[in-house]
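[1] Sequence first, then the predicted structure:
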Amino acid sequence: MTDLKAPCTLGPRAAHDSGPRTAKSIRLIVIHSAEASDDIGQDTTAEGVARYFAQSSTRASTQLAVDRDSCVRMLSDLIVPWGATGANSVGLHVEICGRARWTRSEWLERPTMLRRAAYKVARWCWQYTIQPRWVSVDQLRAQTARGITTHAYVNQAFKGGTHWDPGPDFPKDLFMEWIKEYYAELKKERAR
């Protein structure tokens, strides 16, 4: 198992984006589930997600993809992805290699993947001064909230699509607990 805190590897660059932005414009972190199909009955990999986003026929992109043993970067934080209409120019987007249809127990069978994603989100929170807090649909509509949300919430807020990832059984309570734990560690390390 690789270190949860290891830097992401640089994967193939996503084929589509909307150009540069400033760090000050970033105020959201959007959680996605990869939803990619597999032909051999195994979980989708971060490397597979990166290859998918690198295809010119794929009309989507995110900054990171995270699986059980790796993290792959597809776009710089300062590039606007095609992740979720309404939160692209202000959001950092991470694909967790899961499925919206998964039950809570199916998500929890993959704690290393969830913890790796939580650490990456915590780092973004620390780096971009985003409080590790959940942002609701109503808060998204106000277009000033800073925090963490999902592709499903963004779609509900801005009517930009039908994606419902990472699904109603995504263990956001535990995920947020881990994010807050890692965020506190990062603040403590930086204070030294």
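    Nice, I can see it. Residues are numbered from 1 along each chain as shown.

[2] Report the rounded mean pLDDT for the biggest helix by length in the chain.
    Taking DSSP state H as the assignment, the helix of the chain that covers the most residues is helix 172-191. The average pLDDT within helix 172-191 is 95.

[3] Distance from that helix to the middle of the chain?
    In terms of C-alpha atoms, centre = their mean, to the nearest Å, the centre of helix 172-191 is set 16 Å apart from its chain centre.

[4] What separation do you get for the residue nearest to Asp169 when sequence neighbours are not counted and Trp178?
    Here the nearest residue to Asp169 in space, its sequence neighbours aside, is Arg104; by C-beta to C-beta, 6 or more residues apart in numbering that works out to 4.4 Å. C-beta here means a position set from N, CA and C on the backbone, and glycine is covered the same way. Separation of Arg104 from Trp178 (C-beta to C-beta, to the nearest Å) stands at 15 Å.

[5] now do Thr129
    Thr129 sits 20 Å away from Trp178, going by C-beta to C-beta.

[6] Next: Pro166.
    Separation of Pro166 from Trp178 (C-beta to C-beta) stands at 15 Å.

[7] Looking at the two, which is more packed in?
    Taking neighbours as other C-beta atoms under 10 Å, Pro166 and Trp178 compare with Pro166 leading, 26 against 21.

[8] Check the gap between that one and Arg110 for me.
    12 Å.

[9] which residues of this protein fall in helices?
    Counting by DSSP H, one finds helices in the chain at the ranges 46-54, 104-108, 111-127, 137-141, 151-158, 172-191.

[10] Would you mind reformatting those helices (as TSV) and adding columns for distance to Leu28 while you're at it?
    Below are those laid out as TSV (distance: least, C-beta to C-beta, whole Å):
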stretch	distance to Leu28
helix 46-54	19
helix 104-108	22
helix 111-127	10
helix 137-141	8
helix 151-158	8
helix 172-191	14
